[in-house]
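S.K.: here is my input, please return the structure:
(2 chains)
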2 protein chains.
Amino acid sequence: MTEPAAVIERLRAALGERVDLTAESRNAARVDKSGHAASGVPLAVVHAASVEDVQSTLRIASETGTPVVTRGAGTGLAGGANAGEGEIALSVRAMDRLLEVRPDDLLAVVEPGMLNADLNAALAPHGLWWAPDPASRAISTVGGNIATGAGGLLCAKYGVVRDAVLGVDLVLADGRLMRLGHRTVKGVTGLDLTSLVIGSEGMLGVVVGATLKLRRLVPGEVCTIAATFPDVRTAAEASAAVTASGLQPSIMELMDAASLAAVHALLSLEPPTPGAAQLTIQTDGPAAVTEADEIGAVLRRAGGTVAVSHDREEGERLLAIRRSMHPAMESLGTALIEDVSVPRSALPAMFDEIARVEREHGMTIPTVAHAGDGNLHPNFIFQAEPDAYGVVEAPAHIWAAADDLFRAALRLGGTLTGEHGVGVLKRRWLADELGDDQWELQRSIARVFDPRGILNPGKVFGA
Amino acid sequence: MTEPAAVIERLRAALGERVDLTAESRNAARVDKSGHAASGVPLAVVHAASVEDVQSTLRIASETGTPVVTRGAGTGLAGGANAGEGEIALSVRAMDRLLEVRPDDLLAVVEPGMLNADLNAALAPHGLWWAPDPASRAISTVGGNIATGAGGLLCAKYGVVRDAVLGVDLVLADGRLMRLGHRTVKGVTGLDLTSLVIGSEGMLGVVVGATLKLRRLVPGEVCTIAATFPDVRTAAEASAAVTASGLQPSIMELMDAASLAAVHALLSLEPPTPGAAQLTIQTDGPAAVTEADEIGAVLRRAGGTVAVSHDREEGERLLAIRRSMHPAMESLGTALIEDVSVPRSALPAMFDEIARVEREHGMTIPTVAHAGDGNLHPNFIFQAEPDAYGVVEAPAHIWAAADDLFRAALRLGGTLTGEHGVGVLKRRWLADELGDDQWELQRSIARVFDPRGILNPGKVFGA
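M.R.: Modelled structure (predicted):
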């Protein structure tokens, strides 16, 4: 370990003005959108503008034994990119160029700091898009999407990040650059390290470039279905019936009564029927209209009150209710947004478990779900005083309820995190899901990439 | 290292009749469908019937330092499952049960020895299928498909094995069982070891079970288009034009003149026009007919003579020509079937390179391609006397031509192997593609799973 002042000195000598020592930037690097903050303040924020900047930073970090926390736009929800005491916050947000678009090969090469929405805006004139669409797409980076293995609303039909990346360029802890993966759609030379990097949350290296697998924009209409159900279990059963019917919506979002009430209040809409839950479903592609009609019939048979719209703008208005979930939760207090995922058929049972946790822990847990793929976001709301940095931490009784909910998801054959990652907030449950042997195996693999453990220490695996 | 006799003794004590010492079985385990054979004969073939059998075998192998080569149906094309002197051949072919089918969750749990075609026959009554469809699907196992990261004809539209596996159960070198992955469609807890195992060619452990991601059988018609072109470059440009048009065939197979001539001769059909190449294309789903007509128009503009059939059986007859490629090559001599893959737009340039290699090395290289994803199978044909075991090896001048062809694919941004794997036959080119640093990193990761290097030694990474 080298003295902090000496590390800063070396960073400034190599990177000059890219080394940011302002209190404002260093404090901003402590937090993400989870509300969680690292303890202490990082040494410096390095604003990398090139692969060489990243390599220089990592060489210095490696030689001085200084931990490095890679950040994009800081929109994570698990504390995975929060930088604290003694650490270098390495921001790749300024590396935001679209380097290549190949409509004939359906691929693009991008830098990691490019926002998902900016990428898609740049691809649209080519008739192309990158399918991963986390709810944060307007504010989150492609690199962050890769680091977390992000999902989104369209996954059931169009896949997650893992399905949409052909290769990544990775700078290792010692500063060496590796080009992993292929520019071809098929390729099986050696181990699939590209997939290993997807979702690795900054522990294996720094993603400095990515070759993305694109899709052509889907032609035809978009139809939107809004269906109201007397209670959330009926809505969950209806969504399972849609999946079981073989029909393939592009989006199938479920909102429970507490979520609906909060959003309606935020948007000054008429209050919803007490207890009622809602499914918002979209179909697209050449068969959109037929599929929407058939889905409508399934929902009616399942007890829903159904409205189908063939108008794209009306559809966006209906989806806006779902997209307002996050601000609606913030209007209630501080929200810990959870992210369990269960097999699709277990969605009704998971809502029963959430109702049980609400009862037993004496709280309301507004929940939305990407029902088409069994991924739920229960929101734990609490009131807490911010600390000196404006940061609030979830209190113990909230974590006790979350613990209960996580274990229920695991019992149903599910997982702790469908798309947000483990970060710091879920690391203490990781071994419960993986088992001790696999936990240890995974940690040993990370050590091959980073023998001294300087990349994002304390995240995912804890110590 | 323990004496071979003592290893056999321990295996028999633990596994009884499952330990097969017959010369016939041991010789059969030396080879796969590549024609390559391991030097020497394995100690024994263990026919595992359960996870416990695999664990027992690996515990004994680990304790005695005996190498283990896992085998399915032995249909590999890279020598990756060939067992030789001093090795245990561990066959999982008898573990062939379909353990669970969940239409509501679109998943199935299978044992590794089940044949791909048997799986799909069992899924069809549920209206489901597993999309990976290597040309060997009638004779290759799901476990082998996973071990090689297999592809097939339908990949451009329906994905490869990597896209169709949710989790694998893996027995490590020391006999411990790990359950990797999820039963959920989303899941990002820790590192994606499931993807790491896919395509790892028996080096990380023994796959003893898999949770597969299924699709619903595609409703609607299947249309088949056969298009003839004056030469292979025109056919390749036409296939690139189809990809660039945004139309999405389910199958797009290209056959060059030498392939067509050999198949026509085998099937006693009229000889094709000299020099002519052919594209066989299928469309499916609700828009099959429209897409077939539009693809037909693209092909005509590209210089093709086009016939479109809306009849499923007629389509199968047209595809039968493509499916007869392997026996047609065998009728010419011994075939070394190669497997390079290039970005789709580089397909015409790759055919130019093949023509150059043919010229410079004075040979004909009949080539077929999964044109929809840029994956080519050039066949190197040679005549050679079988050795005492009936095995023939490719001579040096064949490997010199293959070397030239591999390097051309890499120059075009391609890869050595799109779907067959590295095995022993391509290991000496692996570092050319990966670079020395990544080669070393990959090997170190394999060592985390298998510290003593007893799993499939000599394959992929060589020594």
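
S.K.: mind listing what residue A:214 touches?
M.R.: A:106, A:107, A:108, A:123, A:128, A:129, A:130, A:164 (CB atoms under 8 Å, 6 or more residues apart in numbering or on different chains). For glycine as for every other residue, the C-beta is placed from the backbone atoms N, C-alpha and C.

S.K.: report the separation between it and residue B:359.
M.R.: 36 Å (CB to CB, to the nearest Å).

S.K.: quick check: residue A:97 touching residue A:115?
M.R.: No: using CB atoms under 8 Å, residue A:97 is not in contact with residue A:115, being 12.0 Å away.

S.K.: those two: who's more crowded?
M.R.: When residue A:97 and residue A:115 are compared for neighbours, residue A:115 comes out ahead with 22 against 13, by other CB atoms under 10 Å in any protein chain shown.

S.K.: spit out the contact partners of the more buried one.
M.R.: A:73, A:96, A:137, A:138, A:139, A:140, A:141, A:142.

S.K.: what's it sitting at in phi/psi?
M.R.: Here the main-chain torsion angles of residue A:115 (degrees, to the nearest 10) amount to phi -70, psi 140.

S.K.: quick one on the thing from earlier: which of the contacts of residue A:115 are buried? Put it as a ChimeraX command.
M.R.: Buried residues within these, by 16 or more other CB atoms under 10 Å in any protein chain shown, are selected in ChimeraX with:
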select /A:73,96,137,139,140,141,142
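
S.K.: I'd like the contacts of residue A:115 as JSON lines, with distance to chain B and secondary structure appended.
M.R.: Below are the contacts of residue A:115 laid out as JSON lines (distance: CB to the nearest CB, whole Å; DSSP: H, G, I helix; E, B strand; the rest coil):
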{"residue": "A:73", "distance to chain B": "18", "secondary structure": "coil"}
{"residue": "A:96", "distance to chain B": "24", "secondary structure": "coil"}
{"residue": "A:137", "distance to chain B": "16", "secondary structure": "coil"}
{"residue": "A:138", "distance to chain B": "21", "secondary structure": "coil"}
{"residue": "A:139", "distance to chain B": "19", "secondary structure": "coil"}
{"residue": "A:140", "distance to chain B": "15", "secondary structure": "coil"}
{"residue": "A:141", "distance to chain B": "17", "secondary structure": "strand"}
{"residue": "A:142", "distance to chain B": "16", "secondary structure": "helix"}
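
S.K.: for the helix or strand harbouring residue A:6, output the C-alpha coordinates as PDB.
M.R.: Secondary structure assigned from DSSP states H and E places residue A:6 in helix A:4-15. Once non-C-alpha atoms are left out, helix A:4-15 reads as follows in PDB (Å, rounded to 0.1, in the frame of the first residue of the first chain):
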ATOM      1  CA  PRO A   4      -2.800   8.300  -0.600                       C
ATOM      2  CA  ALA A   5      -1.000  11.500  -1.400                       C
ATOM      3  CA  ALA A   6       1.600   9.500  -3.400                       C
ATOM      4  CA  VAL A   7      -1.100   7.700  -5.300                       C
ATOM      5  CA  ILE A   8      -2.800  11.000  -6.200                       C
ATOM      6  CA  GLU A   9       0.600  12.400  -7.200                       C
ATOM      7  CA  ARG A  10       1.100   9.500  -9.600                       C
ATOM      8  CA  LEU A  11      -2.400   9.800 -11.100                       C
ATOM      9  CA  ARG A  12      -2.000  13.500 -11.700                       C
ATOM     10  CA  ALA A  13       1.400  13.000 -13.300                       C
ATOM     11  CA  ALA A  14      -0.100  10.400 -15.700                       C
ATOM     12  CA  LEU A  15      -3.600  11.800 -16.300                       C
END
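
S.K.: please name every helix or strand in contact with it.
M.R.: strand A:19-20, strand A:44-47, helix A:51-64 (3 or more CB pairs under 8 Å, 6 or more residues apart in numbering or on different chains; DSSP states H and E).

S.K.: dump the ones you listed into TSV; add mean neighbour count, distance to chain B and mean pLDDT as well.
M.R.: Converted to TSV, those look like this (neighbours: other CB atoms under 10 Å in any protein chain shown; distance: least, CB to the nearest CB, whole Å; pLDDT from 0 to 100):
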stretch	mean neighbour count	distance to chain B	mean pLDDT
strand A:19-20	18	28	98
strand A:44-47	25	24	98
helix A:51-64	21	13	98
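
S.K.: looking at those, which is nearest to residue A:384?
M.R.: Nearest of the helices and strands packed on helix A:4-15 to residue A:384, taken as CB to CB: strand A:44-47 at 26.6 Å.

S.K.: tell me the SS of the closest residue to chain B within the stretch 151-300 of chain A?
M.R.: Using CB to the nearest CB, the closest approach of the stretch 151-300 of chain A to chain B is made by residue A:195 at 3.2 Å. Three-state assignment for residue A:195 (DSSP: H, G, I helix; E, B strand; the rest coil): helix.

S.K.: run a quick neighbour tally on the nearest residue to it once chain neighbours are set aside.
M.R.: Nearest non-adjacent residue to residue A:195, counting by CB to CB, 6 or more residues apart in numbering or on different chains: residue B:195, 3.2 Å away. Residue B:195 is flanked by 25 other residues according to other CB under 10 Å.

S.K.: got a list of what residue B:195 touches?
M.R.: A:162, A:192, A:195, A:196, A:198, B:162.

S.K.: reformat the residues you listed as JSON lines; add distance to residue A:220 and pLDDT.
M.R.: Shown next, in JSON lines, are the contacts of residue B:195 (distance: CB to CB, whole Å; pLDDT from 0 to 100):
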{"residue": "A:162", "distance to residue A:220": "27", "pLDDT": "93"}
{"residue": "A:192", "distance to residue A:220": "34", "pLDDT": "97"}
{"residue": "A:195", "distance to residue A:220": "32", "pLDDT": "97"}
{"residue": "A:196", "distance to residue A:220": "37", "pLDDT": "98"}
{"residue": "A:198", "distance to residue A:220": "30", "pLDDT": "98"}
{"residue": "B:162", "distance to residue A:220": "29", "pLDDT": "93"}
